[in-house]
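Engineer: Got a predicted model here, sequence first, then my questions.
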Amino acid sequence: MASTLVLMFPGQGSQKPGMGADFFDLPSTAEILDTVSDAVGSNVKSLLTETDEDTLRETDNAQLALYTCGVLAGKALLADPGVRSQVLAMAGHSIGEYAALAVSEAISIEDGAKLVQQRGFLMANAGANRSGAMSAILGLEREQLEAVCRAASTDGEVATIANDNCPGQIVISGDTAAVRRADELAKEAGAKRALPLNVSGAFHSPLMAESAREMRKALDEVDFAKGFAPIVSNVTAQAVRDASQWPSLLEQQLENPVRWTESVQALSAMGATIYIECGVGEVLCGLVKRTIKDATTMAVHDLMSLEKAKGALGVAHAV
């Protein structure tokens, strides 16, 4: 059987209270939760199941929860050799890239957890040190929005594209005043909507430069391996086959756009036809369908969806 399957891991914004709880009955879950908890020095099971929505929305909590839930779902799916053999590649949106690295065995679950903890801390602090904002712009092409951002970036304040999610949906990021100017200019240029996002900082923008340099120090302490499946990088929108590139790519990821539209197109060009979102929600499934109309998408976020996905892939129904 040809390998046409992509595993995807969502980014910040998909988190919700109780996420991952349905996986707690699986044999592999206790070990994963213990590994992550020991790595970060806190009870991750409590984070997933006992944290309210506002607390879970905090950058450091959201990122650790999404990483853990992505690993739980991805590992549960890959526990069946029949699924593993079909995997062509993986991709993760922003923080989801760390879950992809752990599930593909390019890094250990423990190292991934430590990196995610440090990343969340640095990004939260960056937001506290310099006021930043993000907005989702609907209905403009990337080239139009790039021109809008250039026009809005004045007096040392910057607005820039942060997430190119799918045709017609792009997120911008930067200094608060510049992003608000870009919101208005985008609507004047024909955008259907400009939606301010509830985030703690200007992620994937030059405002993250200092955090990116600090993150590199942690990345350089981790051993990256090839992994059993390539991961398409947010920064380059290309499959990474040389593990030594990851520290630089993950450093750059903090202050550069997530090129998700191009990543999905690259995966399609590689031969992908089936895309499974692992962890929580179905945001990435929607983005894929808007980019590749005939793509088959599924989401694995509980035991029922896990069994449904395995059935669709033609493998045995055994948890």
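Structural biologist: Perfect, thanks for sending it. Numbers count the residues shown, from 1 in each chain.

Engineer: For the nearest residue to Ala237 once chain neighbours are set aside, which three-state class applies?
Structural biologist: Nearest residue to Ala237 in three dimensions, chain neighbours excluded: Glu262, at 3.6 Å (Cβ to Cβ, 6 or more residues apart in numbering). The C-beta positions use only the backbone N, C-alpha and C, and glycine is treated the same way. Recorded secondary structure, Glu262: helix (DSSP: H, G, I helix; E, B strand; the rest coil).

Engineer: Return the distance of Ala218 relative to Phe121.
Structural biologist: 10 Å (Cβ to Cβ, to the nearest Å).

Engineer: my read: the residue nearest to Ala237 touches Ser233, true?
Structural biologist: No: applying Cβ atoms under 8 Å as the test, Glu262 and Ser233 come out as separate, 10.3 Å apart.

Engineer: Show me which of these two is the more surrounded one.
Structural biologist: Ser233 (24 against 18; other Cβ atoms under 10 Å).

Engineer: So what does that one have for phi and psi?
Structural biologist: phi -70, psi 140 (degrees, to the nearest 10).

Engineer: Look up how far Leu185 lies from it.
Structural biologist: Applying Cβ to Cβ to Ser233 and Leu185 gives a distance of 30 Å.

Engineer: surely Thr29 meets Asp22?
Structural biologist: No: Thr29 lies out of contact with Asp22 (Cβ under 8 Å); the separation is 9.8 Å.

Engineer: Give me the common contacts of these two.
Structural biologist: Common neighbours of Thr29 and Asp22 are not found (criterion: Cβ atoms under 8 Å, 6 or more residues apart in numbering).

Engineer: mind checking how far Thr55 is from Leu138?
Structural biologist: From Thr55 to Leu138 the distance is 29 Å (Cβ to Cβ).

Engineer: again, but for Glu221
Structural biologist: Taking Cβ to Cβ, one finds Glu221 at 40 Å from Leu138.

Engineer: Ala151 now?
Structural biologist: According to Cβ to Cβ, Ala151 and Leu138 sit 19 Å apart.

Engineer: on contacts alone, who are the packing partners of the helix or strand Asp54 falls within?
Structural biologist: Secondary structure from DSSP states H and E places Asp54 in helix 53-57. On a contact count with 3 or more Cβ pairs under 8 Å, 6 or more residues apart in numbering; DSSP states H and E, helix 53-57 meets helix 59-78.
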